[in-house]
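Asks: give me a 3D structure for the following:
(one chain, ligands or ions: 1)
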Amino acid sequence: MTRELKKLQKAARFLQKRTTISPKIGLVLGSGLSDALGKLEREERFPWERIPYFPQPTVVGHAGEWVLGILEKKPVLVSRGRVHFYEGYSMSELAFPIRVMKLMGIERVILTNAAGAINKDFSVGDFVLIRDHINLIPDNPLRGENISELGPRFPNLLDAYSARLRALAKEAAQGVGLDLKEGVYIATPGPMYETPAEIEAYRRLGADLVGMSTVPEVIAARHCGLEVLAISLVTNMAAGIGTDKLTHEEVLEITKRRAGDLAKLLRAIVAKL
Ligand code: HPA
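Replies: The predicted model follows:
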């Protein structure tokens with residue numbers, strides 16, 4: 001057994017000993033979205049600093065706790081906030097929470113993020129299902145010794161973003177009167193926003209959205225067999241696409257404005273899972 005797996009097991013056991021809730025669904029609420037769901041029923045909160053070996057957050061606007069509770073009559077684990085590559089974490093640190101979810105019995109994860117729109121058919125405030133990704137982060141959570149108890153050395157990323165869950169999410173969105181688009185997400189290491197030339201290059205590569213998160217988690221999740229659904233909130237048009245100033249404050253403002261609808265969408269999806 002690898003040392004990493006021992007740490008993961010310690011973190012999972014720490015939580016399991018302290019909760020009566022055994023969720024099958026995990027939700028990760030990204031930049032500015034960490035409060036979107038409000039309070040859960042039977043909510044039990046675990047600040048990251050209390051969980052053994054958890055990476056600690058550093059960026060303003062990112063909370064840092066796991067909340068276990070009931071949402072739409074289902075036991076869920078909600079990560080309020082996430083950690084990012086640009087904060088200086090290693091890719092295995094970014095994978096850590098996802099792998100702990102797996103060891104706690106989670107079967108599917110819903111990841112959310114704020115993203116810039118490259119596709120001109122998208123608008124600020126849109127919700128977009130991620131259909132596939134392109135990874136520009138120059139590392140990978142699976143590099144190094146494989147944790148064979150979690151998954152294979154050479155996992156594939158076909159249907160990484162479950163077609164089944166995407167269809168279900170579209171139905172759920174329709175049910176609550178929300179528009180849900182679909183696109184390809186390109187992950188950059190950040191933390192700076194892109195140049196217009198980079199965005200044009202990414203557009204030609206086939207990307208519709210750009211952001212600085214999610215992909216490391218998806219790779220880790222697929223490696224250990226979790227089913228993945230990922231939703232971007234378009235907080236700005238990407239560099240050179242619109243007239244946006246591209247500031248973190250602007251991103252946070254849009255997330256605040258759309259948090260209510262995101263909660264509606266997530267609840268509708270969870271109700272169908
Ligand atoms: N680029 C990268 N990451 C982002 C953006 C963007 O334009 N908007 C929100 N996250």
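
Asks: please count neighbours and contacts with C-alpha atoms only from this point.
Replies: Will do.

Asks: what's around Lys73, how many residues?
Replies: Applying other Cα atoms under 10 Å, we find 10 residues neighbouring Lys73.

Asks: so where do the strands sit in the stretch 1-150 of the chain?
Replies: 25-29, 41-47, 65-71, 74-80, 108-117, 127-135 (DSSP state E, counting those that start in this stretch).

Asks: for the ligand, find the nearest of these.
Replies: Among the strands of the stretch 1-150 of the chain, strand 108-117 comes nearest to the ligand, with 3.6 Å by Cα to the nearest ligand atom.

Asks: what's the offset of that closest one from the middle of its chain?
Replies: Averaging C-alpha positions (Cα atoms, centre = their mean, to the nearest Å) puts strand 108-117 5 Å from its chain's average.

Asks: buried ones in stretch 103-119, by neighbour count?
Replies: 103-104, 106-119 (16 or more other Cα atoms under 10 Å).

Asks: which ones, among these, also lie beside the ligand?
Replies: Checking the buried residues of stretch 103-119 against the ligand by Cα under 6 Å from any ligand atom, the ones in range are Ala114, Ala115, Gly116.

Asks: hmm, Gly240 and the last one touching each other?
Replies: Put plainly, it is Gly116. No - taking Cα atoms under 8 Å as the definition, Gly116 is not a contact partner of Gly240, at 10.9 Å.

Asks: ok, which residues in the stretch 1-150 of the chain are in contact with the ligand?
Replies: So the stretch 1-150 of the chain meets the ligand at Ala114, Ala115, Gly116 (Cα under 6 Å from any ligand atom).

Asks: arrange these in a markdown table, one row each, with pLDDT as further columns.
Replies: Formatted as a markdown table, those follow (pLDDT from 0 to 100):
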| residue | pLDDT |
| --- | --- |
| Ala114 | 94 |
| Ala115 | 96 |
| Gly116 | 96 |
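
Asks: report the mean per-residue pLDDT for stretch 56-76.
Replies: Here stretch 56-76 scores 81 as its mean pLDDT.

Asks: ugh, wrong one, stretch 163-175
Replies: 97.

Asks: identify the residues contacting that stretch?
Replies: Residues from elsewhere that reach stretch 163-175 (Cα atoms under 8 Å, 6 or more residues apart in numbering): Leu129, Asp179, Leu180, Val228, Leu229, Leu265, Ala268, Ile269, Lys272.

Asks: now the chain, which segments are flagged as low pLDDT?
Replies: Residues of the chain that meet the criterion pLDDT under 70 lie in 57-63, 244.

Asks: so what's the nearest residue to Ile106 once chain neighbours are set aside up against?
Replies: In space, and not counting its chain neighbours, Ile106 is closest to Lys24: 4.0 Å by Cα to Cα, 6 or more residues apart in numbering. Residues near Lys24 by Cα under 8 Å, 6+ apart: Pro75, Val76, Gly105, Ile106, Glu107, Arg108.

Asks: roughly how far apart are Lys24 and Tyr193?
Replies: 35 Å (Cα to Cα, to the nearest Å).

Asks: residues contacting Ile231?
Replies: Ile110, Leu111, Thr112, Asn113, Phe127, Val128, Leu129, Ile130.

Asks: show me what the most centrally placed residue in the chain is bridged to.
Replies: Residue closest to the average C-alpha location in the chain (Cα atoms, centre = their mean): Leu111, at 3.0 Å. For Leu111, the beta-bridge partners under DSSP bridges are Val28, Ala230.

Asks: so who does it touch?
Replies: Contacts of Leu111 by Cα under 8 Å, 6+ apart are Leu27, Val28, Leu29, Gly30, Thr214, Val228, Leu229, Ala230, Ile231.

Asks: and Ala187, how far from the ligand?
Replies: Going from Ala187 to the ligand by Cα to the nearest ligand atom, to the nearest Å gives 8 Å.

Asks: isn't that residue up against Ser213?
Replies: Yes - between Ala187 and Ser213 there is a contact at 6.3 Å, judged by Cα under 8 Å.

Asks: compare these two (neighbour count), which wins?
Replies: Taking neighbours as other Cα under 10 Å, Ala187 and Ser213 compare with Ser213 leading, 29 against 21.
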